[in-house]
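In: all I have is the shape, not the residue letters:
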């Protein structure tokens, strides 16, 4: 997800500087497709990596390599199918996503090129999970940086000297994804990999397909929900604010993606620590790690919130740097950014706190807490608030959902026994959920 966030943010920065504010609105309308691709990437990548790790831990390396080959095969098949489905009906999908007559040309130009790279994106995204699963975070990070750095360089070249506009941003993204994909494939063909991609294991094993889909279903569902919510959100923006509101949301969402990157990094870092110590019955270490992470995440998000409230204009100018475009969009983007991110100071605590339950083997609670923010609270608020408050109501749905989901997370954290009472003796601790 971090890689895709970087691609999107980089494209929008260069488009805002080199084209106009409408171009970033058009590119934003392609985001549901990215989320859809990520959903299938997580279905295969998370599910395949989990199953492969189990088999490898049981000493069944050959079976692990068959799962690796099956996952690669699935990634290619789904990438091609998804690309074909969207390409054949792209304008129809874009209208559903909320594209107006003004934004449609930008969205269509960007989308029709991006979709040719879907198979490469799918393979790179899904298979990078296996690299992390091997305990090789540096190699996984290289995958990210190869794509991101090439995207930055090519965005500049294609948009400024070559004047390719939105198409240039799309080609820069595709080339970055292809390079990342090549890196991932070469890794699994090399001696560096614990599991090797071989000709005899590169096949579709239906027996393992079912297990891969079962293990990857939770993150798959969450990403599909995110895609659906994004589509609904875009249509409300179109109704209550028009094209400038859609372009403003592209800026606001990009700012939020940048803001949350360190929180997701903390989340990924503490997951194995929490899981290992919980499994070893070292509950004091679980609590200590959780508290340190929550404090660090909260301090960071409070500082982020303060800067957003005090100088939102500087954040908007990162993406809308042309004075004539900024003058047009500022009256919508700045209030929208302040309202949309008005409760983010809570989210360092909320997001990190909810991750505890995934780490300690309570995925249902973790799934529920994720869904409270993305669906259970947010969807009703999105359907009600705009009718009452117009465009302000569209921006306000997310912060109110943030408050409600944080309260729900607090309830489960208190009930677990890890949040409030200090654990003095591991042997006497009883998990409350």
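Out: Perfect, thanks for sending it. Model, not experiment: these values are computed from the prediction.
In: make it CA atoms for all contacts and neighbour counts henceforth
Out: OK.
In: ok, now which ones touch residue 395?
Out: By CA atoms under 8 Å, 6 or more residues apart in numbering, the contact set of residue 395 is 336, 339, 340.
In: phi, psi for residue 137 please.
Out: The phi and psi torsions at residue 137 (degrees, to the nearest 10) take the values phi -60, psi -30.
In: wait, it touches residue 131, no?
Out: Yes. If you go by CA atoms under 8 Å, residue 137 and residue 131 touch, sitting 7.2 Å apart.
In: of these two, which one has the most company?
Out: Shown here are residue 137 and residue 131; by other CA atoms under 10 Å, residue 131 has more neighbours (23 against 14).
In: now the more buried one: which helix or strand?
Out: Take DSSP states H and E as the rule and residue 131 turns out to sit in helix 118-133.
In: list the contacts of the helix or strand just after that helix.
Out: The helix or strand immediately downstream of helix 118-133 is helix 137-159, counting by DSSP H and E. Outside helix 137-159, the residues that touch it by CA under 8 Å, 6+ apart are 3, 6-7, 10-11, 14-15, 18-19, 124, 128-129, 131-132, 164-166, 168-169, 172-173, 175-181, 183-184.
In: could you point out which residue ranges in this structure have low pLDDT?
Out: The model of the chain has pLDDT under 70 over residues 1-7, 430, 432.
In: biggest helix in it by residues?
Out: For the chain, the longest helix by residue count, based on DSSP state H, is helix 242-279.
In: now for that one, which elements pack on it?
Out: On a contact count with 3 or more CA pairs under 8 Å, 6 or more residues apart in numbering; DSSP states H and E, helix 242-279 meets helix 2-18, helix 21-28, helix 217-240, helix 283-310, helix 312-319, helix 323-340, helix 347-359.
In: most tightly packed of those?
Out: helix 21-28 (a mean of 27; mean count of other CA atoms under 10 Å).
In: and the angle from that one to helix 312-319?
Out: 80 degrees (axes from the mean of the first three to the mean of the last three CA atoms, to 10 degrees).
In: tell me the angle helix 21-28 makes with helix 242-279.
Out: Here the directions of helix 21-28 and helix 242-279 differ by 40 degrees (the same axes, to 10 degrees).
In: check what contacts helix 21-28 and list those residues.
Out: Applying CA under 8 Å, 6+ apart, the external contacts of helix 21-28 come out as 12, 15-16, 99, 102-108, 110-111, 166, 243-244, 246-251, 320, 325, 329.
In: what subset of the contacts of helix 137-159 is buried?
Out: Neighbour-count burial (16 or more other CA atoms under 10 Å) applied to those gives 3, 6-7, 10-11, 14-15, 18-19, 124, 128-129, 131, 164-166, 168-169, 172-173, 175-181, 183-184.
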